[in-house]
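Student: Starting from these lines, generate the structure:
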Amino acid sequence: MSLVLDTGIRVMNGNKGKLIVLTGPSGVGKGTLLQSLLDRHPQLYFSISATTRSPRMGEVDGKNYYFVDTAQFQNMIANHELLEWAEYAGNFYGTPRKPVEEKISQGRWVILEIEVSGARQIAQTFPEALRIFILPPSVEILEQRIRNRALDAEAAIEKRLLQAETEIIAAQEFDVQIINDDFTETLEKIEAQIFAPVIVG
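Tutor: Below you'll find the model as predicted:
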């Protein structure tokens, strides 16, 4: 008998689907970690969020996000089309319900990269979900990372940092907390949590 990592290969063989939530403050590196995770484990299904914010350079509608206006987003809320949603830094973000529920019913493992307040909602709608909170090494390093991205105006940066301090306090509410200090080590820790060891004979 030995221990092996469940790499998710069995998800298409009739096993129950799984929901994985990756969250943490803006600028902590969730997107980069997610992309590497998907590159290494293509069997994972990434659920694309809808947002009212404008696309950043290089972002593609339907690949990075579904970019919608506020009226469209409000209609999605009213029609119960979102699994979770949140307002962050003046914009709305949400997870379309239908594709997530369909993939899980098919036995797929679905991963969400969402805002902290949305991740809290998942605890109510999918209590069996694995919720992973990514932390920065410090608030100072987080500020440096956000500024180095050069994607936001000063007012938006200040708003994100203020929000981040509040979110970091909430980290203990989640199943797992991982500090994103060294990228490779952080990625390996996420993999270890998702693909938990199973005993084989």
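Student: So for whichever strand or helix holds residue 192, what gets flagged as buried?
Tutor: Using DSSP states H and E, residue 192 sits in helix 183-194. Within helix 183-194, the residues that qualify as buried are 186, 187, 189, 190, 194, counting by 16 or more other Cβ atoms under 10 Å. In short, each C-beta sits where N, CA and C put it, glycine included.
Student: pLDDT on that helix, on average?
Tutor: Averaged across helix 183-194, the pLDDT comes to 95.
Student: That one packs against which elements?
Tutor: Helices and strands touching helix 183-194, as assessed by 3 or more Cβ pairs under 8 Å, 6 or more residues apart in numbering; DSSP states H and E, comprise helix 30-40, strand 130-135, strand 176-179.
Student: Give me the buried positions along the following helix or strand past the second one.
Tutor: Using DSSP H and E, the helix or strand that directly follows strand 130-135 along the chain is helix 139-149. Neighbour-count burial for helix 139-149 flags 142, 143, 145, 146 (criterion: 16+ other Cβ under 10 Å).
Student: pLDDT below threshold where in this structure?
Tutor: By pLDDT under 70, the low-scoring segments of the chain are 1-15, 150-152, 197-201.
Student: in it, which spans are strands?
Tutor: 2-5, 18-23, 45-46, 49-51, 65-67, 82-88, 91-96, 109-113, 130-135, 176-179, 197-200 (DSSP state E).
Student: So what are the sheet partners of the longest one and their directions?
Tutor: When sheet partners are counted by DSSP bridges, strand 82-88 sits next to strand 91-96 (antiparallel).
Student: If we go by neighbour counts, what in the strand it pairs with is buried?
Tutor: Those buried within strand 91-96 under the rule 16+ other Cβ under 10 Å are 92, 93, 94, 95, 96.
Student: Could you do stretch 126-143 as well?
Tutor: Residues of stretch 126-143 classed as buried: 126, 129, 130, 131, 132, 133, 134, 135, 136, 142, 143 (neighbour count, 16+ other Cβ under 10 Å).
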